[in-house]
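A.B. asks: Take a look and give me a structure for this.
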Amino acid sequence: MATTVNIKSGSPIKNLNGNCTDGNITLTWDAPNSKDSRAEITIQQSGEPTQGVGNNTEQIIPANRWTPQDLANLGIASGMVLEKVAFAPWEPARANFTIKVWQGGSWSGSTGNPGTELVSIEVSSESLEARKWNTIDITPPLVIDATKELWIGYHTKPTEAGYHSGADELPMINNKGNICYVEGWTTMSIISDGGLSNNWCIRGFVSGDPLVELYHIYQDNVKFGETTATTFTKAGVTGNHNYGVATQFINGASSEKVSKMLNCNLNTPIYETTTPSIYPNPATHNITIKTDSNFNKIEVLNFLGQIVISRPEVCNNTTLDVSHLTNGIYFVRVISETGVNVQKFVKQ
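C.D. replies: Presented below is the predicted three-dimensional model:
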């Protein structure tokens, strides 16, 4: 089983703003807020505990390791914290255990070095459940340096012979899920002369801000583009549209869309001297649109920017039946040879 990730949540962007100039839309936003976007990631190199592995009365340190590339693939960034560790002892009453965490290690060939030991927590065997996951709090949490290898393990000190450590039945993830210390760092396969091809049941629980992979841009709920920056520009846009931005995190999580309505009419000025009057507003059955000069076309758009009424007119006063529209906010777009004006009204 490859390293797994459980995503608790992904937070949306903040402060979406937009404007349109001569048919060019520009959207800007802030990255997800650090307090809101905290994800909980469970990392492990094993499956579930299905068998015990013993080493008579000799001490052993089962461990898992993650390279900087493994951490990056999981969306784990420097500054995130390791808050908990879980392991599955098989016969905990026959040994004493000490949780260990290292950073800065390396592996070459069939042996390695765990780097600097940063966590060492003795665990009472009386508090442990056999053949189940037991979770231990890391206090204070360990701040991760994602540029270095992360190793998590536990020192097993037998008080009597037995099967002390839990392992899975899945194919081994060699040099990552099956490493251990017995008179030197090696693998479960090597110390058993190839008899064991399993992984130690060890988990780490990491929390913090996941890495953003990219942002998806939507126009009227249809994918419009994507970017890795916190700004997006698109030329040649016209009309009244609803724009949304959703965050995709590198570890697979995504956020809900944050949306904003923009009016963008290519090379078409907005009326400056004549503002149509719309009445009644709010309206139930009909609305009347009146201007000081003739217009050529009238459109009614819903909040998603979809045209729900379109009527060619050459007049300065007209009435529209809006009784069939669903209650909500709408926009009346008045188009003439001299410009375009958009006014809002409420259907109730």
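A.B. asks: Return the residues in contact with Arg131.
C.D. replies: When the contact criterion is CB atoms under 8 Å, 6 or more residues apart in numbering, the partners of Arg131 are 49, 52, 88-90, 166. Heads up, the C-betas are built off the backbone N, CA and C, glycines and all.
A.B. asks: Kindly recompute the last result at 10 Å.
C.D. replies: Shown in contact with Arg131 (CB atoms under 10 Å, 6 or more residues apart in numbering): 48-52, 88-92, 163, 166, 201.
A.B. asks: What of Lys176?
C.D. replies: In this structure, Lys176 makes contact with 2-3, 45-46, 63-67, 70, 107, 151, 187, 199, judged by CB under 10 Å, 6+ apart.
A.B. asks: Show the pLDDT at it.
C.D. replies: Listed pLDDT for Lys176 reads 96.
A.B. asks: please renumber so the chain begins at 16
C.D. replies: Okay, using 16 as the starting number, the last item reads as Lys191.
A.B. asks: hey, what's the nearest residue to Phe247 once chain neighbours are set aside bridged with?
C.D. replies: Spatial nearest neighbour of Phe247, excluding adjacent residues (CB to CB, 6 or more residues apart in numbering): Leu42 at 4.6 Å. Per DSSP bridges, residues listed as beta-bridge partners of Leu42: Gly33, Phe247.
A.B. asks: ok, Leu42 touching His231?
C.D. replies: No. In this structure Leu42 lies outside contact range of His231 using CB atoms under 10 Å: 11.9 Å.
A.B. asks: neighbour count winner among those two?
C.D. replies: Shown here are Leu42 and His231; by other CB atoms under 10 Å, Leu42 has more neighbours (24 against 17).
A.B. asks: And the strands in the stretch 66-215 of the chain, which stretches?
C.D. replies: 66-68, 76-81, 96-102, 110-123, 126-138, 149-158, 164-173, 180-182, 194-196, 200-202 (DSSP state E, counting those that start in this stretch).
A.B. asks: For the fourth one, name the packing helices and strands.
C.D. replies: When you say that, I think you mean strand 110-123. The contact analysis (3 or more CB pairs under 10 Å, 6 or more residues apart in numbering; DSSP states H and E) places strand 110-123 against strand 76-81, strand 96-102, strand 126-138, strand 149-158, strand 164-173, strand 194-196, strand 200-202.
A.B. asks: can you rerun that using 6 Å?
C.D. replies: When contacts are defined as 3 or more CB pairs under 6 Å, 6 or more residues apart in numbering; DSSP states H and E, strand 110-123 sits against strand 126-138, strand 164-173.
A.B. asks: Okay, now the sheet partners of the first one, with direction.
C.D. replies: By that I understand strand 126-138. Here, using DSSP bridges, strand 126-138 pairs with strand 110-123 (antiparallel).
A.B. asks: what angle separates the strand it pairs with from strand 76-81?
C.D. replies: For strand 110-123 against strand 76-81, the angle by axes from the mean of the first three to the mean of the last three CA atoms, to 10 degrees is 40 degrees.
A.B. asks: Buried ones among the contacts of Lys191?
C.D. replies: The neighbour count (16 or more other CB atoms under 10 Å) marks 18, 60-61, 78-82, 85, 122, 166, 202, 214 as buried among the contacts of Lys191.
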